[in-house]
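**Student:** Pasting a predicted model and its sequence here:
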2 protein chains.
Amino acid sequence: MAMVDHDAPFLAACRGERSSRVPVWFMRQAGRSLPEYRALRGTGTILEAIRNPELAAEITLQPVRRHGVDAAILFNDIVAPLAAIGAGVELTPGTGPTLERPFSTRADLDRLRPLEADVDMPYVSETIGILVRELGDVPLIGFAGAPFTLASYLIEGGPSRTYVRTKAMLLGEPALFAELLDRLATLSIAVLRAQVAAGVSAVQLFDSWVGALAPDTYEAMVLPASRRVFAEVADLGVPRIHFGVGTGSLLELMAAAGADVVGVDWRVPLDDARRRLGPDVAVQGNLDPVVCFAPWDAVAGATRAVLARNAGRPGHIFNLGHGVLPETDPDVLTRIVELVHAEGRTDGVEAPMDLGSP
Amino acid sequence: MAMVDHDAPFLAACRGERSSRVPVWFMRQAGRSLPEYRALRGTGTILEAIRNPELAAEITLQPVRRHGVDAAILFNDIVAPLAAIGAGVELTPGTGPTLERPFSTRADLDRLRPLEADVDMPYVSETIGILVRELGDVPLIGFAGAPFTLASYLIEGGPSRTYVRTKAMLLGEPALFAELLDRLATLSIAVLRAQVAAGVSAVQLFDSWVGALAPDTYEAMVLPASRRVFAEVADLGVPRIHFGVGTGSLLELMAAAGADVVGVDWRVPLDDARRRLGPDVAVQGNLDPVVCFAPWDAVAGATRAVLARNAGRPGHIFNLGHGVLPETDPDVLTRIVELVHAEGRTDGVEAPMDLGSP
C-alpha cells in the first residue's frame, strides 16, 4: 500500500487544519458527465463495472486526471452491498435502485444477511488496491449509504418524491423500522471497515434523502443508527464525512452523529453553517450543481461567493451541494477546480458572530 | 356580499391575535382525497371545473362540510390565469402544468399580456360570489402563484426536480429573468385584487418551489417581485399568507416580502420558526402530509407535537406543511380537525428564547 499523505489538502481540511490550498472534489465526478466515462462504460451495467476492478479503478481515475481534483472517490454505488447480499435490489438504468418486492414486513429483514466483504465484494478491495498504487498522493474516499437512505430504497422499491411508505413504517411500526436501520447500520459498518482496510483515506456516509424528515423524527428514529456507524469506524482514524440534501434543519444533528465533516447544500450559506456547527466540524460544499449550466461568469461568481462565505476559515472542502448532473459540461468543472485553487484562501480566522449574516 | 366575520378564528390567527380555538385548514383540502370530489369532477378537466362557477363552488364547499375546517380555499389553480391569457400552458392530468413551447427568450414575454380579470376569468368572481353566500361565517381564501414558481413552470415546460432551465436563465440572463418575474408579479396582483374585490377574506401566495434556491439568490432575484405583489395588495386590508416547501433557509426573507403569515413545512420546528420570525408574523403549518398515512395514534401524536411546539402562542394556523396527497384517507383529516379544535391552546405567551430549542 502507498503511504497516505497526511498533509494532502483534502485530509488536512477534513481535520479542520489549514492546508496549502482549498481542496476541491465533486460528488459524482466519476460518471456520465465525462465522455471518457461514457466510452469506457459502453453498454455494460453499473454493477458489472463495479465488479470489474480494472474498469472501476479507471473510472475512478478519470476525473482526477481531467480535473485535477484533490480527492478521488471510489466508483461504486450505495446499493451495491445490498445487491451483493441478495437483498433483491436492482439498479435500473435511468430510474435508480428498484426492488421487485419492496420491504414491508419483519420477514423481509431475513433478506439482510451479514456482509462478508472479502467473500461478497472482493472486487472492491481489489479496486482500492489498484487505486492506492495509481493515485500517488491524491487521497481516495470510500463511502457507504446511511441506514435511512438505504431503508428508503428498500421500502419504496423505486423512486419517490414523498417517501410515503418509508414514513408510514417509521411512524406505524417504529420497532421494525429501528431494527431495519440497525441492520443497515451493521451493513454500512462492514462496508466502510473493509474499504478502510483496503486503503481508502476517508469515508463518506451518504444520507442523501434524509432531508425529507423533520428534525424530531430524525433525532428519534435515524440518529441512533447513523451514530452507530460513525462510532464503529472511529477507531480506524480516517476522516468521516456525513452528507445529505435539503438538510438545513438537520446540520447540528448530523454533526452530532459523529461526523468530522458535514456536507452542506446550497440552501444554507456556509457562514451560517459554520456558525451553527462551530469550529470543530469541517464543512463540505456548497455550490448548487445547477449553477454549472450558467455562463462561465455566473459560475465563477457563484464559486467565489461560496469561498467568500467561508472567508478562508480552515476546514472547508469545496464541492457541489449534490452530485454532478449527467448533462454537465466537464470543462466547467475543470475551471471551477482551477478557480478554487487559484483564489481559495486558507488564512481566515473564525469570523465574529455578526460577519456575513444574511 | 355576506359580512366577513373578523372574529373568525382563522382571520384572528392571521392577524396574530388570540382566537377562540386554533384554526385549521388543509392545502388541497378540496381535491382528489375526497370521494365526493372524484364523483363530481367525473371526466372533465380541472380547467373546465374552474370555469364552471357552480361546480367550482361546490368543490370548494365539500371539505368545509366534511371536515369542519376553519377556512375554505377557492378551487382554482395557480396556472389558470396563465392559461386564461393564452400563455400556452396546459394542465396535463397526472403531470401538472406543461408547455409545448417553454419560455426561453425575450420574445416569449409577449405571451404574457395583461390580465383583465372581468373579461378573462369572469367565472372566478362568480364562483367567489356563490361561495361568500354559502359559506356564512367561514372565511374564503383566495390565492395566486408567486412569480418564481410561475416562472419555473413557464421555463421548464414540465415537471423538474432540478430547475436547470430556470436557474440557467436566472443566472445567465438576469435582466430577462427579472422582467419575467416582474410581469408575473403584475399578473398575480391582478388575480389577487380581483379575488378580494369579489369577496375573499384572505390571500395566499404560493411560491411552492422556491425552496430550490439559495437565500442569496432568492434575495437578489426573487424577493423584489414577491415584495411587489404583497405591497400592491396591502391596501385591500386582507391577511396575506406566503407559502413554500423546503424553505427552512428562506423564512425570514419570505416574511420580509410583506407576508402577515408565513407557511412553515415540517422540516422546521414551529418553535424555531416563531423564534426566527418574531411575534409580529403568524405561522401556518406544519404537519408532514405523509404522516396521515400512519396509524391514527401516530397521526395524533404528530398533531399534538405540532401544537406543543407552538405552545399556544397566538397567530398559529394549523395546516399541513404541503398539500393533501391524493391517496390520503379523508377520515384522518376530519379527525385531525377535531383533535386540533379539542386540544389546541391559544392562551400561550411568547416563550423565552431557550424554550423548546432542539
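**Tutor:** Cool, the structure landed.

**Student:** Distance check, the residue nearest to residue A:174 when sequence neighbours are not counted against residue A:172.
**Tutor:** Nearest non-adjacent residue to residue A:174, counting by C-beta to C-beta, 6 or more residues apart in numbering or on different chains: residue A:221, 6.7 Å away. The C-beta positions use only the backbone N, C-alpha and C, and glycine is treated the same way. Going from residue A:221 to residue A:172 by C-beta to C-beta, to the nearest Å gives 12 Å.

**Student:** Close to chain B: what parts of the stretch 201-350 of chain A are there?
**Tutor:** Residues of the stretch 201-350 of chain A found near chain B (C-beta under 8 Å from any C-beta of the partner chain) are A:211, A:213-216, A:219, A:246, A:248-249, A:252-253, A:266-269, A:272, A:288-291, A:293-295, A:298-299, A:302, A:305, A:325, A:327.

**Student:** Can I have the buried ones of the residues you listed as a PyMOL selection?
**Tutor:** Applying 16 or more other C-beta atoms under 10 Å in any protein chain shown to those leaves a buried subset, and the PyMOL line that selects it is:
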select buried, chain A and resi 211+213+214+215+219+246+248+249+252+253+266+267+268+269+272+288+289+290+291+293+294+298+299+302+305+325
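
**Student:** Assess the claim that residue A:263 and residue A:240 are in contact.
**Tutor:** No - between residue A:263 and residue A:240 there is no contact, the gap being 11.5 Å when judged by C-beta atoms under 8 Å.

**Student:** any common contacting residues for the two?
**Tutor:** residue A:204 (C-beta atoms under 8 Å, 6 or more residues apart in numbering or on different chains).

**Student:** count of residues packed around the residue nearest to residue A:174?
**Tutor:** Using other C-beta atoms under 10 Å in any protein chain shown, residue A:221 is surrounded by 18 other residues.

**Student:** quick one: contacts for it?
**Tutor:** Taking C-beta under 8 Å, 6+ apart, we find residue A:221 in contact with A:170, A:174, A:177-178, A:181, A:213.

**Student:** one more time with 7 Å
**Tutor:** Counting by C-beta atoms under 7 Å, 6 or more residues apart in numbering or on different chains, residue A:221 touches A:170, A:174, A:177-178.

**Student:** need the longest helix for chain A.
**Tutor:** Taking DSSP state H as the criterion, chain A has its longest helix at helix A:174-198.

**Student:** Am I right that residue A:318 falls within a strand?
**Tutor:** Yes - per DSSP: H, G, I helix; E, B strand; the rest coil, residue A:318 lies within a strand segment.

**Student:** so what pLDDT did the residue of the stretch 51-200 of chain A found nearest chain B get?
**Tutor:** Proximity to chain B, evaluated over the stretch 51-200 of chain A using C-beta to the nearest C-beta, is greatest for residue A:171 at 3.6 Å. Per-residue pLDDT puts residue A:171 at 96.

**Student:** what packs against the worst-scoring helix or strand of chain A on mean pLDDT?
**Tutor:** Lowest mean confidence among the helices and strands of chain A (mean pLDDT, DSSP states H and E): strand A:89-92, at a mean of 92. Counting by 3 or more C-beta pairs under 7 Å, 6 or more residues apart in numbering or on different chains; DSSP states H and E, the packing neighbours recorded for strand A:89-92 are strand A:96-99.

**Student:** tell me the helices in the stretch 251-358 of chain A, going along the chain?
**Tutor:** A:251-256, A:270-277, A:296-310, A:330-343 (DSSP state H, counting those that start in this stretch).

**Student:** picking that back up, just the buried ones out of the contacts of residue A:221, please.
**Tutor:** Buried among those (16+ other C-beta under 10 Å): A:170, A:177-178.

**Student:** Residue A:335: what's its closest spatial neighbour, skipping adjacent residues?
**Tutor:** Nearest residue to residue A:335 in three dimensions, chain neighbours excluded: residue A:296, at 6.7 Å (C-beta to C-beta, 6+ apart).

**Student:** residues near the one you found, how many?
**Tutor:** Residue A:296: 15 neighbours (other C-beta under 10 Å).

**Student:** Roughly how far does it sit from residue A:24?
**Tutor:** 17 Å.

**Student:** just the angle between the very next helix or strand once past the longest helix of chain A and strand A:316-320, please?
**Tutor:** Later in the chain than helix A:174-198, the nearest helix or strand by DSSP states H and E is strand A:202-206. Taking axes from the mean of the first three to the mean of the last three C-alpha atoms, to 10 degrees, one finds strand A:202-206 and strand A:316-320 inclined to each other by 50 degrees.

**Student:** Which residue ranges of the stretch 51-200 of chain A form strands?
**Tutor:** A:72-73, A:89-92, A:96-99, A:140-145 (DSSP state E, counting those that start in this stretch).
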